[in-house]
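Engineer: Structure, please.
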Amino acid sequence: MDTVFGQLDGLTEIADDTFVPGKSENDHDQHILNTLDTARENNVKFNPDKFQFKVEETSFFGLTWTSQGLKPDDKKVKCMVDMQPPQNLTELQSFMGMINYLNQFSAVMSQISDPLRQLMKKEVPFVWQPEHQKAFQELKQVITEAPVLAYYDQNKENVIQSDASNKDGRPVYYASRSLNDAETRCSNIESELLASCWSLEKLNHFIYGKNVRLETDHKPLESIWRKSISSASPRLQRLLLRMAKYDVDLRYIPGRTNVVADAMSRVSHREPASQGHKLPVIEVGTITSTLPATPAKLEEIRDETSRDEPLCHLKDVVYHGWPELFRDCPYDLKDYWNYREDLSVENGLVLKGHRLIVPESLRTQMLSLVHQGHMGTEKCLLRAKDCMFWPGISKDIKELISNCSRCIKYAKQQLKERLLQYNLPSFPWQRLSSDLFDYNGCQYLLIADYFKHNHFKRHHMSLEINPCRTWYSGGAGNGQRSPVQQSRV
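Structural biologist: Residues are numbered from 1 along each chain as shown. Sure thing, here's the model as predicted:
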C-alpha cells in the first residue's frame with residue numbers, strides 16, 4: 001500500500017486501511033479522485049462493504065475522526081465501560097493496555113491508574129482492594145468524558161503548557177506518565193525540567209524541526225534555561241542536553257494563568273515495570289565516587305547532615321519545591337535562595353552542582369583541610385570550589401588565612417624603605433637636596449641645606465650667597481644679570 005499510495009497528498013494508510021480526509025468538500029473530492037486514479041492504474045480494488053464515502057465521522061485505527069476533531073472510538077469506550085473488574089493479572093493487563101492506548105485524551109490517567117500499576121508488579125500478589133476498584137471506576141468515567149481533540153495544524157504556533165499542547169484553546173494532545181522510583185527522589189526543579197524534557201520527546205513527531213513555546217509555572221526554570229549547561233547540576237545537565245535538539249522558547253507563566261495542570265511534576269506516582277523487551281534505564285544524578293573524600297568521610301558528612309536542622313529543612317524544601325517569593329522563604333534558608341536552582345539531594349547528601357554542602361559542625365574541620373599547606377587565598381578558594389560549599393565560604397576562608405599566625409609570620413610583605421642617614425655637614429652648603437614641584441600652574445625648584453642653622457653664627461649673608469654665585473655664573477658671564485646678587489641682600 002505504501003508503494004502504491006505513498007506519493008499521494010491527503011492520504012493516510014495503515015496496513016490495508018486507507019484514510020482520505022479533506023479540509024473542505026472540494027479538497028476531499030480532489031483527494032478521492034487522485035486515490036481512485038492511482039488505484040485503477042495499479043489494479044487495486046476496494047471492498048465495497050467496507051468503503052465509506054464522504055462521511056463526517058468515521059472510525060480509523062481505533063479512533064473516531066470527525067469534522068470537529070479526534071475522539072475515542074465509541075465501540076472501544078462501550079467495551080471498557082462494560083468490563084467487569086479484573087479477576088487476575090492477565091485481565092488487568094488487558095484493561096491497562098486499552099487505557100494506555102487512550103492516554104492522549106486525558107492528562108490525569110497516569111495519576112488515577114497508579115494503584116492498578118502497582119498491582120501489576122511482580123513482587124505484589126494480585127489482591128483486588130477497594131482502592132483498585134475506585135481507580136477502575138474512575139478510569140471508566142474519564143474515558144466516557146474524554147474531550148474531542150483538535151487536529152494538529154503545522155501552520156499554527158506550537159505551544160506546550162506543562163504536559164498538554166493547545167491549539168486555539170482546544171487540546172491537541174494530552175500526555176502524562178508517572179515517576180519511577182528514582183525520579184520520585186528528584187528535587188522539585190529536576191521534576192519540572194524532567195516534565196518539560198519528556199513532553200518535548202513525547203511530542204517529537206509534532207515539533208521536531210519547528211519552533212515551540214514551552215510554558216511553565218516554575219519560574220526557576222527560566223534562569224536554568226538561560227545559564228550555561230556547565231553551571232547546572234549533573235542531572236539537569238543531562239536533561240538540558242536532551243532538550244538541546246529542539247528549538248524551544250521557554251517562558252514562565254504564573255500558575256494562576258497557566259490553568260493546564262502539570263500532572264507530570266506535581267504528582268509523585270511511580271512508573272510501572274518495564275514493558276516488553278525495553279531495557280531499563282539507570283539514571284545517575286551525581287557520581288559521588290569522584291568526590292575528593294573517602295567513603296568514611298562521606299558517611300560522616302551524611303550523618304552530620306541528618307543532624308543539622310537547617311540542612312534537613314533544606315532537603316525537605318528541595319524535594320517539595322521553593323516558594324514563589326523570597327519573602328515567603330523560611331528564615332533559616334534565605335542564604336540558599338540565590339542557589340536554589342542548583343541544589344539537589346543524593347543519598348542523604350545535599351549538593352550545589354557537584355559540590356557538597358558541608359554541615360555547620362564540620363565547617364571548621366573542612367576549613368583546616370582547605371588551608372592545609374598554608375596556601376594563599378586564591379589557591380584555597382579554588383580548592384574549596386572543587387568539592388565543598390556553604391553560604392559565606394569565601395568570607396570564612398579569607399578570615400581564616402588573615403588570622404593564621406604562621407601565614408602572617410612568613411607572608412611576603414612590602415618592606416618599607418628606611419630613611420637614608422647622612423653625616424651632618426660641618427658648614428653651610430656642603431650638602432644640599434633639591435626637588436621640583438608645581439603650585440598654581442607654575443613650576444618651582446626647591447633647594448634645602450642639610451646644615452643646621454644653629455651650628456654657626458650668621459655674621460654676614462655672604463656665607464649663603466657666595467656658594468650660589470657659582471650656580472648662576474654661566475648666565476651672568478654672557479651679559480645677563482645674575483638672578484642672585486649680593487648687593488640686593
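
Engineer: Spatially central residue in the protein, please.
Structural biologist: Central residue of the chain (CA atoms, centre = their mean): I224, 3.0 Å from the mean position.

Engineer: Could you give the average pLDDT over the host helix or strand of it?
Structural biologist: Assessed by DSSP states H and E, I224 sits inside helix 220-226. Helix 220-226 carries an average pLDDT of 81.

Engineer: Residues in contact with that helix: which ones?
Structural biologist: 189, 192-193, 196, 216, 232, 236, 240, 248, 250-252, 322, 340-341 (CB atoms under 8 Å, 6 or more residues apart in numbering). Bear in mind the C-beta positions are built from the backbone N, C-alpha and C, glycine included.

Engineer: can you rerun that using 10 Å?
Structural biologist: 188-189, 192-193, 195-196, 214, 216, 218, 231-233, 236, 239-240, 243, 248-252, 321-322, 324, 340-342 (CB atoms under 10 Å, 6 or more residues apart in numbering).

Engineer: Make a ChimeraX selection of whichever of those turn out to be buried.
Structural biologist: Here is the ChimeraX command that selects the buried residues among the contacts of helix 220-226 (16 or more other CB atoms under 10 Å):
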select :188,189,192,193,195,196,214,216,218,232,233,236,239,240,243,248,250,252,321,322,340,341,342
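
Engineer: Inside helices: which ones of the contacts of helix 220-226?
Structural biologist: The helices, defined by DSSP state H, take in N188, I189, E192, L193, A195, S196, L236, L239, L240, M243 from the contacts of helix 220-226.

Engineer: Farthest pair within the residues you listed?
Structural biologist: Greatest spatial distance among the ones in helices among the contacts of helix 220-226 (CB to CB): N188 and M243, at 18.0 Å.

Engineer: Dihedrals phi and psi, Q52?
Structural biologist: Main-chain torsions, Q52, degrees, to the nearest 10: phi -120, psi 130.

Engineer: my bad, should have said Y174
Structural biologist: Dihedral angles for Y174 - degrees, to the nearest 10 - are phi -100, psi 140.

Engineer: Name the helix or strand for the spatially closest residue to it that is not a sequence neighbour, please.
Structural biologist: Computed as CB to CB, 6 or more residues apart in numbering, the closest residue to Y174 that is not its neighbour in sequence is A107, at 4.6 Å. Assigned by DSSP H and E, A107 belongs to no helix or strand.

Engineer: Could you count how many residues lie near A107?
Structural biologist: Look at A107: counted by other CB atoms under 10 Å, it has 22 neighbours.

Engineer: okay, the helix holding I224 in PDB with CA atoms only?
Structural biologist: The C-alpha trace of helix 220-226 is given here as PDB (Å, rounded to 0.1, in the frame of the first residue of the first chain):
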ATOM      1  CA  PRO A 220      13.500  28.900  38.300                       C
ATOM      2  CA  LEU A 221      13.400  27.000  35.000                       C
ATOM      3  CA  GLU A 222      13.800  30.300  33.200                       C
ATOM      4  CA  SER A 223      17.100  31.100  34.800                       C
ATOM      5  CA  ILE A 224      18.300  27.500  34.400                       C
ATOM      6  CA  TRP A 225      17.400  27.700  30.700                       C
ATOM      7  CA  ARG A 226      19.400  30.900  30.200                       C
END
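
Engineer: Only C-alpha atoms, please: export the helix or strand harbouring E201 in CSV.
Structural biologist: Assigned by DSSP H and E, E201 belongs to helix 188-202. Provided in CSV are the C-alpha atoms of helix 188-202 (Å, rounded to 0.1, in the frame of the first residue of the first chain):
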residue,chain,number,x,y,z
ASN,A,188,11.3,20.0,42.6
ILE,A,189,13.2,21.8,39.8
GLU,A,190,14.5,18.5,38.5
SER,A,191,11.0,17.1,38.3
GLU,A,192,9.8,20.3,36.5
LEU,A,193,12.6,20.1,34.0
LEU,A,194,12.0,16.4,33.5
ALA,A,195,8.4,17.1,32.7
SER,A,196,9.4,19.6,30.1
CYS,A,197,12.0,17.3,28.6
TRP,A,198,9.7,14.4,28.5
SER,A,199,6.8,16.4,26.9
LEU,A,200,9.2,17.5,24.1
GLU,A,201,10.3,14.0,23.4
LYS,A,202,6.7,12.7,23.6
